[in-house]
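# this one's structure only:
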DNA sequence: TCTCATCGTTATACACTGTATAGTGTTGTT
DNA sequence: AACAACACTATACAGTGTATAACGATGAGA
């Protein structure tokens, strides 16, 4: 039952701002911190040091606490990660332009891209448990509302959701990679590897002509590239849904 | 220059079966192992213990060596991971049915899904450096050949590639998650969390009606679900590409 | 043939991770 | 007043990746 209680406490913390009761009477000394304060610190650490720098000790010392002191607030590190992920992912409000399905999908993707630009570590997290918290559920429901309004066929919705989500995450990752390569300089390993590959195999462009012919984004417009990528996928998905059954905007 | 040499050696190891020369004269004692033997061991460990169990010491003891002995063969653990990823990802041959773009995309996705079923840890690896090795390049070029044959517009190709790749990976991850939940039993945390969420927030289905209305795959046909998901995305992408410009099969 | 740089391999060590455990002191309930 | 519950600290432990130094075997240049 210990493990089951742990899961319960975690879920209750996840939904703490959505009416989940803190459960039970309390008897010990007053908590000096809030769950949100701990999560604020965790998000700050992750924003500054990346996912690799997000250790329990780092968060704790930022709060002036010992590492073990976090456990009553956020539980295991796995739980801390899930809580921080949701904590950093509030859904902003925006009006749908309703000019086309592709446009609305693009807008959703661009907003998610903005979120990932503010917190690049979000795109590094495993996709599997992305449906956990209330904020992430909000993002999902928001996307489903768009698909509902345009009457996308129910069987295709899950597929579109994963496709669009995945493309945004991939775009955010490459964007963050470019940003790191330009800034800190210690993480240009990606470029160095590509250069070395061209140097070692030599006729790479002839072995993989189609990959070589892919439109490369020049070094200057890499800032626009992810947005364009998201827009393209949204376009194709939108047309594909229209072709398989979509009516006029509601 | 040390770091540059390390990148060079890594790339040379990656392309060792595609004509990359081992470089330089050798003077020390003969290597007792091959790079492929080390990578075989690494893949076996990852297949058995998952990505978390893939430590340098685990691979080394399986080979009867000390942990540090791996460095001359595969370099850093990051390099070991990249090498093992490519080593486990040979592209199988198959004929394209050429009945429709969606069909060919689906077949590609199902083959990749088979690969991820054999090596589930491949889907957990970060997507960013997926373009490194020759085998992965083969997969990419194979997909681009399909798009080329059906004359997909060049600007849309990169987007379709990431979308299809991402969906296959996501499907493989959920499939692996289901498999673990059914088997070992210690990793049914996902189900427990979902149950706890329904228990804690209660009116979850009313707060997120569209997410709740998503067609749930029953517990029995979860084996078919990932294939169906891939097929759906391929269908939508195929239709979308046709709508934006695609000619008859070459 | 002798010499020496080179390289495979081991042993040890270091910083770091997450967290189990025991103990201390504060709080609310009985 | 007594006790259970809880926040918090300190310590400890099993891991992780890898830097470093030493040892031995090997091949090239003299």
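Nice, thanks for sending it over. This is a predicted model, so every value here is computed, not measured. Numbers count the residues shown, from 1 in each chain, chains lettered A, B, ... in the order given.

# Contacts for the host helix or strand of residue A:13 next, please.
Following DSSP states H and E, the helix or strand that holds residue A:13 is helix A:2-14. Identification of contacts with helix A:2-14 by CB atoms under 8 Å, 6 or more residues apart in numbering or on different chains yields A:20-23, A:35, A:74-76, A:79, A:82-83, A:86, A:132-134, B:189, B:192-193, B:196-197, B:199-200. Placement of C-beta: from N, CA and C, glycine included.

# show me which of those neighbour DNA strand C.
residue A:76 (CB under 7 Å from any atom of the strand).

# Quick one: buried ones out of the contacts of helix A:2-14?
A:20, A:35, A:74-75, A:79, A:82-83, A:86, A:132-134, B:189, B:192-193, B:196-197, B:200 (16 or more other CB atoms under 10 Å in any protein chain shown).

# Domain map for chain A?
A:2-87, A:101-245 (automatic domain parsing).

# Just name the most buried of those domains.
Compared across the domains of chain A, domain A:101-245 shows the largest average neighbour count, a mean of 19 (mean count of other CB atoms under 10 Å in any protein chain shown).

# what distance separates it from the middle of the whole chain?
Relative to its chain's centre, domain A:101-245 lies at 11 Å (CA atoms, centre = their mean, to the nearest Å).

# now do stretch A:9-29
Relative to its chain's centre, stretch A:9-29 lies at 26 Å (CA atoms, centre = their mean).

# ditto for stretch A:80-92
That offset, for stretch A:80-92, works out to 9 Å (CA atoms, centre = their mean).

# Please apply the same query to stretch A:50-64.
On CA atoms, centre = their mean, the centre of stretch A:50-64 falls 20 Å from the chain's centre.

# quick one: is that stretch near DNA strand C?
Yes. Against DNA strand C, stretch A:50-64 shows contacts by CB under 7 Å from any atom of the strand at A:53, A:54, A:55, A:56, A:57, A:58.

# Show me where chain A dips below the pLDDT cut-off.
A:1-3, A:129-131, A:181-188, A:216-223, A:245-250 (pLDDT under 70).

# Can you show me the helices along chain A?
Remark: helices assigned in chain A by DSSP state H are A:2-14, A:35-49, A:56-62, A:71-74, A:77-87, A:101-118, A:134-149, A:154-182, A:189-201, A:204-207, A:209-213, A:225-245.

# possible to save those as a markdown table with distance to DNA strand D?
Formatted as a markdown table, the helices of chain A follow (distance: least, CB to the nearest atom of the strand, whole Å):
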| stretch | distance to DNA strand D |
| --- | --- |
| helix A:2-14 | 10 |
| helix A:35-49 | 9 |
| helix A:56-62 | 7 |
| helix A:71-74 | 3 |
| helix A:77-87 | 13 |
| helix A:101-118 | 27 |
| helix A:134-149 | 22 |
| helix A:154-182 | 18 |
| helix A:189-201 | 12 |
| helix A:204-207 | 27 |
| helix A:209-213 | 29 |
| helix A:225-245 | 29 |
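
# that older thread, quick one, the helix holding residue A:13 and helix B:189-201 angle?
Between helix A:2-14 and helix B:189-201, the angle comes out at 60 degrees (axes from the mean of the first three to the mean of the last three CA atoms, to 10 degrees).

# Just want the angle from helix A:2-14 to helix A:77-87.
Using the same axes, to 10 degrees: helix A:2-14 against helix A:77-87 is 20 degrees.

# touching DNA strand C at all, helix A:2-14?
No. Helix A:2-14 lies out of reach of DNA strand C by CB under 7 Å from any atom of the strand, never closer than 9.5 Å.

# Up against DNA strand C, what does chain A have?
Within reach of DNA strand C by CB under 7 Å from any atom of the strand, chain A has these residues: A:25-30, A:53-58, A:67-68, A:76-78.

# how close does the residue of chain A most remote from its centre get to DNA strand D?
For chain A, the residue at maximal distance from the C-alpha centroid (CA atoms, centre = their mean) is residue A:27, at 38.0 Å. Taking CB to the nearest atom of the strand, to the nearest Å as the measure, residue A:27 falls 4 Å from DNA strand D.

# for that residue, phi and psi?
phi -130, psi -30 (degrees, to the nearest 10).

# again with residue A:25
phi -80, psi 150.

# Just to check, residue A:165 is in contact with residue A:127?
Yes. Using CB atoms under 8 Å, residue A:165 is in contact with residue A:127, at 7.4 Å.

# so how far is DNA strand D from residue A:63?
9 Å.

# Contact partners for the nearest residue to residue A:144 once chain neighbours are set aside?
Nearest residue to residue A:144, sequence neighbours excluded (CB to CB, 6 or more residues apart in numbering or on different chains): residue B:210, at 3.7 Å. By CB under 8 Å, 6+ apart, the residues touching residue B:210 are A:141, A:144, A:145, A:147, A:148.

# Closest one of those residues to residue A:118?
Nearest to residue A:118, judged by CB to CB, of these is residue A:141 at 21.2 Å.

# which residue sits closest to that closest one, ignoring its sequence neighbours?
residue B:208 (4.9 Å).

# how near is the one you found to residue B:198?
Going from residue B:208 to residue B:198 by CB to CB, to the nearest Å gives 11 Å.

# do stretch A:161-168 and chain B meet?
Yes. Using CB under 8 Å from any CB of the partner chain, stretch A:161-168 comes into contact with chain B via A:162, A:163, A:165, A:166, A:167.

# Please verify my assumption that the first one contacts residue B:166.
Yes. The pair formed by residue A:162 and residue B:166 meets the contact definition of CB under 8 Å, at 7.1 Å.

# Which residues are in contact with residue A:196?
B:7, B:8, B:10, B:11.

# now residue A:69
A:60, A:63.

# Residue of chain A nearest DNA strand D, please.
residue A:28 (2.4 Å; CB to the nearest atom of the strand).

# re the thing from before, out of the residues of stretch A:50-64 next to DNA strand C, which two sit at the greatest distance?
Going by CB to CB, the pair spanning the residues of stretch A:50-64 next to DNA strand C furthest: A:53 and A:56, at 11.6 Å.

# Surely residue A:190 is in contact with residue A:177?
Yes. Between residue A:190 and residue A:177 there is a contact at 5.6 Å, judged by CB under 8 Å.
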